[in-house]
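# I would like the atomic coordinates for the input below:
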Amino acid sequence: MRKLVSRALAASAAMSALLAPAPGAVAAEPGRTPPVTAAAAPKALTGPELAASWTGPLSTRGRYVVDAGGNRFKLQAGNWEGAQGTWTGSGATGDPANNQSGEPSFDIPLGLDRAPMSRILAGFHSLGLNSIRLPFADAMIQDTTKVPDAAVAANPQLRGDTPLQVYDAVVAALTADGFAVVLNNHTTSYRWCCSLDGNERWNSGQTTARWEADWLFMANRYKDNKRVVGADLRNEIRRDLTDDPNWGMGDSHDWYQASEEAGNRILAADPDLLVIVEGINWQGIPLAGLPHGRPTLTPVATLSNTLIDSGKLVYSAHFYAYTGPANSGASGLGATSDPRYEDFTPEQLRSVVDQQALFVTQTGQHFTAPVWISEFGAAGRGASDTREQAWLDNFTDILIANDTDFAIWPLVGWQTGGVPQDSWALLAYDGAGRQLSIEDPGDWRATDFNRLVTAPSYTGQVPQSAHWNMLDLDHADNVASRRMLAQPDWSPGNRKGNCPDGQRLVGLGRGSSRGLCTDAAEPVGTGTAWEAVSDERYVTDGDWASGYSKLQCPHDSLAVGYSVRGNAMAALLCAPVAQHLPTSGRAVWFDRGDNRPPASTGADSAASDWAPGSYKGQCAADEYVAGVAMTWARLQAGRPDALLCRPLR
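Next up, the predicted model:
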């Protein structure tokens, strides 16, 4: 969300690294540009035309979101804000002076007091949008207060409804008109985000358990509506007054762990939803000499999420001109000299956006997923900030060049006599319901916006692609298998990693307990008699690692999981397949260095580091892990030293 600037948050580290050339120019990197001839998107579809153009639910294939037919569905979206709250934190909540841009939302989507819902939706269609990000506050779920009649004056059918009931009606109207709806948990309370406002983390002002319960409530509430397509887990995770969020430390502030756990619980309730994980928006104290910055999705390069459904993960990030990789956007207390995004040259901006977000769209890596820029925007009509205008031009070029999914902020605001109260809004309504659009004369943003929504994009069928997923046992179990989550503990007392159903183990890290899974080249485990192996009973085809202890799967079985005690191997989980597997193979040693497929292949997750700081062993894409060797000699502590890699065919 475009924010009230925090007084305790702002800017970070090594700008020299951030501004270094990207590993490959974004537009030139294979797998990140449309691989087939692209067609220009139509500017606008009517409700029936939009509804007929796609079928839910949505899922992912590589870097693309696809519909139920496997056709690319580009999220061309806008944010219809209001249900997350617009109150700025002091005074009467209904007083315009105490609300963002003088526009009290009464905790429902903005504009329902000014224009009929059908007119607002027609405005969305006119902009060429196909999807709506619909923020909400956790407070909405428990709120039994009826909205004031004045808040729904233009939609009298909503009189007497609670905020949640109004939200229901908005979801129903949007989806009936063909739009895809992404539910976005924006805030805990109804207070306007995003500074030191009590909404900093998913567990600010509430417990993680309460947050998860709220998400399960929302997932179950809309699960029968297949045009409700996504759960955007939390908006702009950031530091509060005293504590930072983190990515992977295993504590109560670990957003990586919390988002993965919540995502899996949501998918258990509704397997059709996309799970959308936004990176960390801010860490540290914005003072010169102290570490601070906006990590966004950078940590995903070495610690990516693995869900129980591999085709449901989408990552997201936000970019605004006045913020920066190490600049909070503050103009007073909390301001630093770190560059803002609007300070960068077009080449520098491309490099920074790539390193903070768009690198995730590289093919064949453990982190490969669609990236949704779920917030960006600029002040429009009446604004004259030339640096912000140049930034929007340049940022639009990046979105177009990378065929990136997007959601502009915000869609709806108020206007009086042709003067918008919030010049960022694309559509503004006066008290009589008259609409002022970005398309009307006088809004400088129209050129960039029209370029964006009509730009050539990948369309049609998206080919199936192999999944590569990492397992992280750094602090706890990483059971990404629906099957094994429903089973008793298969290796009691040990930390366990299970590949998602349909995938097999293909790599291990030596000192970090990390693993790598894939479904490349198939087959995968399909039988019912999965077996935990903790001894050498199945080492029957010769000693492939003389002098070492070995765990080995039985014939015609392959490893789909493993367990460790400390970093020592404890057991392999083996799954039978429906066909005969070769018993020839090779030992892949990684006790003294990495032994993985060449990074030059650009696929097989070979160019990514899924176990940083550890030696790694990895079978080829057409091989399976049949066994693991380790030793306790020479202080080796039972860590994996070699894999037995056998061909799949």
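
# what segments of the stretch 401-550 of the chain are helices?
Along the stretch 401-550 of the chain, the stretches classed as helices by DSSP state H, counting those that start in this stretch are 446-453, 482-485.

# just the buried residues of the shortest one, please?
For helix 482-485, the neighbour count (16 or more other C-beta atoms under 10 Å) marks 482-484 as buried. Just so you know, the C-beta spots here come from the backbone N, C-alpha and C atoms, and that holds for glycine as well.

# mind checking how far the residue lying closest to R159 once chain neighbours are set aside is from P597?
Among residues not flanking R159 along the chain, D149 sits closest, at 5.3 Å (C-beta to C-beta, 6 or more residues apart in numbering). Distance of D149 to P597, given as C-beta to C-beta, to the nearest Å: 65 Å.

# so between the two, which is more surrounded?
The residue with more neighbours, out of D149 and P597 and counting by other C-beta atoms under 10 Å, is P597; that gives 18 against 12.

# sorry, back to before: dump the helices of the stretch 401-550 of the chain into a markdown table; add distance to Q76 and mean pLDDT as well.
Supplementary listing: the helices of the stretch 401-550 of the chain in a markdown table, determined by distance: least, C-beta to C-beta, whole Å; pLDDT from 0 to 100:
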| stretch | distance to Q76 | mean pLDDT |
| --- | --- | --- |
| helix 446-453 | 6 | 98 |
| helix 482-485 | 32 | 94 |
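
# and those: which comes nearest N469?
Of all those, the one in closest proximity to N469, counting by C-beta to C-beta, is helix 482-485 (13.9 Å).

# who are the packing partners of that closest one?
With contacts defined as 3 or more C-beta pairs under 8 Å, 6 or more residues apart in numbering; DSSP states H and E, helix 482-485 has no helix or strand neighbours.

# contacts for that helix, please.
Helix 482-485 has contacts (C-beta atoms under 8 Å, 6 or more residues apart in numbering) with 268, 308, 479, 490, 498, 501, 530, 561, 573.

# the residues you listed, buried ones only, as a PyMOL selection?
To isolate the buried members of the contacts of helix 482-485 in PyMOL, using 16+ other C-beta under 10 Å:
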select buried, resi 308+479+490+498+501+530+561+573
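
# H318: which of the contacts of helix 482-485 is nearest?
I308 (26.9 Å).

# can you get me a residue count around A571?
When neighbours are counted by other C-beta under 10 Å, A571 registers 21.

# returning to that earlier point: wouldn't the residue nearest to R159 be in contact with L158 here?
No: using C-beta atoms under 8 Å, D149 is not in contact with L158; the gap is 9.2 Å.

# what sits closest to D161 if chain neighbours are left out?
V147 (6.1 Å).

# so what's that neighbour up against?
Applying C-beta under 8 Å, 6+ apart, we find V147 in contact with 106-108, 158, 161-163, 166.

# dump these into a markdown table; add secondary structure and neighbour count as well.
Shown next, in a markdown table, are the contacts of V147 (DSSP: H, G, I helix; E, B strand; the rest coil; neighbours: other C-beta atoms under 10 Å):
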| residue | secondary structure | neighbour count |
| --- | --- | --- |
| F106 | coil | 24 |
| D107 | coil | 27 |
| I108 | coil | 27 |
| L158 | helix | 21 |
| D161 | coil | 18 |
| T162 | coil | 18 |
| P163 | helix | 27 |
| V166 | helix | 25 |
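
# what residues sit buried inside stretch 337-345?
By neighbour count on 16+ other C-beta under 10 Å, the buried set for stretch 337-345 is 338-342, 344.

# how about the residues you listed in a markdown table, adding secondary structure, pLDDT and distance to A77?
Formatted as a markdown table, the buried residues of stretch 337-345 follow (DSSP: H, G, I helix; E, B strand; the rest coil; pLDDT from 0 to 100; distance: C-beta to C-beta, whole Å):
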| residue | secondary structure | pLDDT | distance to A77 |
| --- | --- | --- | --- |
| D338 | coil | 95 | 30 |
| P339 | coil | 97 | 28 |
| R340 | coil | 97 | 25 |
| Y341 | helix | 98 | 21 |
| E342 | helix | 98 | 23 |
| F344 | coil | 98 | 25 |
